[in-house]
Each structure stands twice: as structure tokens, then as C-alpha cells.
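J.: just need the structure, nothing else, for what follows:
(one chain, ligands or ions: 1)
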Amino acid sequence: MQLERTHKKLGLRGLEAVEIVENLNTSLSTYQIFYHKMQNFHWNVEGPDFFDIQDITEKLYKESMKNIDTIAERVRLLGGVPNYRLSDYINNSKIVEDTHDLSGDNIKVILLEDVETLLKVLSETADYSINHNDYGTVHVMQEMIHGLEMMHYKLQSWLK
Ligand SMILES: [Fe+2]
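T.: Numbers count the residues shown, from 1 in each chain. The predicted model follows:
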């Protein structure tokens, strides 16, 4: 029996591939805003949590940069164009730009909220990909989701 497997998603043949790219671009935009927020916190936090927050936000923005690149290249692989304008990031992100309250207590709450939002957005992209048999995108999302879940559990333990 011959296995039939047409890679119709590669090169955007089919509406579903276009929609996967849209999903990925939402994840990409959300990650970009998150990345810049982490840098802001890293640079500007003040107070008794300075060292903890400097360390954790550096870890988060470095990890985000890697994931942003992976998502963008996944979009290219599918034949799409990754969002690249700052205005597109702001308009498509599910995370809002931060407030000017840079106290440690406020940053801790925002960190937890934003990681939860990222998890939701990436899970939606993964769900969509699973439903359309795009296992490559599922794999990419799964790895990122696991990393964020680990961070979420650590943040929750820290905030108790
Ligand atoms: Fe630094």
C-alpha cells in the first residue's frame, strides 16, 4: 500500500496554511511585545527585588529572542511573511505594553499574567495546528509551551 502524504502546507497551498501563518504571526507579535517588556524590566527595575528581577527578565528576554526567531522562520518555511513592523507587533499582540509602575511588586504580577497570556496564545496556535495535521508547528509550539509552563510554576512558587 502506498502512503499518500502531500505536503500541501509547504508553500502556502491551501487556506489552512494561510491560517496557520496568521496564528503564528499572532504568537510572534505577542512574543515581541513580551521581549521588549522584559528588557524594560531588566533595565529599569528598582527596589529590593532588583537582583532577582534583573536575572529572571534577562533569562526571559534571551529565551524570547530565540523563540521569536524560530516562529518567524516557521512562517517562512510555510511560505508566509513574518510580521516585522513594530506597528504590526503592537496591533497583533495579545500582551499590552507595560505601565510605568516599575516596582518589584508590580513587575512580579505582570510577569505571571504575561506568561499566562503567552501560554494561551501559543496553545491556540498549537490547537489550530493539531486540528490541521501540521505536526511541525505543533512540535515548535510544544517546546515553547513547556518552557513557559516551567517558568509559570517557578513564578507562582516565588510569589507565594
Ligand atoms: Fe543586562
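J.: list the buried residues of the longest helix along the chain.
T.: Identified as the longest helix of the chain according to DSSP state H is helix 15-44. Under the neighbour-count criterion of 16 or more other CB atoms under 10 Å, helix 15-44 has 16-17, 20-21, 23-42 buried. The way it works is simple: take the backbone N, C-alpha and C, and place the C-beta from them, glycine included.
J.: which SSE is immediately downstream of that helix?
T.: Proceeding N to C from helix 15-44, the next assigned helix or strand is helix 50-77, under DSSP states H and E.
J.: which residue is nearest the middle of this protein?
T.: Tyr31 (3.8 Å; CA atoms, centre = their mean).
J.: my guess is that residue meets Thr117, correct?
T.: No: using CB atoms under 8 Å, Tyr31 is not in contact with Thr117; the gap is 10.6 Å.
J.: pLDDT at the nearest residue to Ile56 once chain neighbours are set aside, what is it?
T.: Nearest residue to Ile56, sequence neighbours excluded (CB to CB, 6 or more residues apart in numbering): Leu111, at 7.3 Å. Looking at Leu111, its pLDDT is 95.
J.: quick revisit: now do the contacts for the residue nearest to the centre of the chain.
T.: Applying CB atoms under 8 Å, 6 or more residues apart in numbering, we find Tyr31 in contact with 64, 67-68, 71, 118.
J.: look at the residue nearest to Val45 when sequence neighbours are not counted and report its pLDDT.
T.: Excluding its sequence neighbours, the residue lying closest to Val45 (CB to CB, 6+ apart) is Ile53, at 4.5 Å. pLDDT recorded at Ile53 is 95.
J.: just give me the neighbour total for Ile53.
T.: 23 (other CB atoms under 10 Å).
J.: list the contacts of it.
T.: By CB under 8 Å, 6+ apart, the contact list for Ile53 reads 41-42, 45, 104, 107-108.
J.: residues contacting the strand or helix carrying Gln156, please?
T.: In the assignment (DSSP H and E), Gln156 maps to helix 135-159. The contact list for helix 135-159 (CB under 8 Å, 6+ apart) reads 20, 24, 27, 52, 60, 63, 67, 70-71, 74, 77-78, 108-109, 111-112, 115-116, 118-119, 122-123, 125-126, 129-130.
J.: thinking again about what came up before, burial of the closest residue in space to the residue nearest to the centre of the chain that isn't next to it in sequence, as a residue count?
T.: Nearest in space to Tyr31, with sequence neighbours left out and distances taken as CB to CB, 6+ apart, is Ile68 at 5.0 Å. Ile68 has 20 neighbours, counted by other CB under 10 Å.
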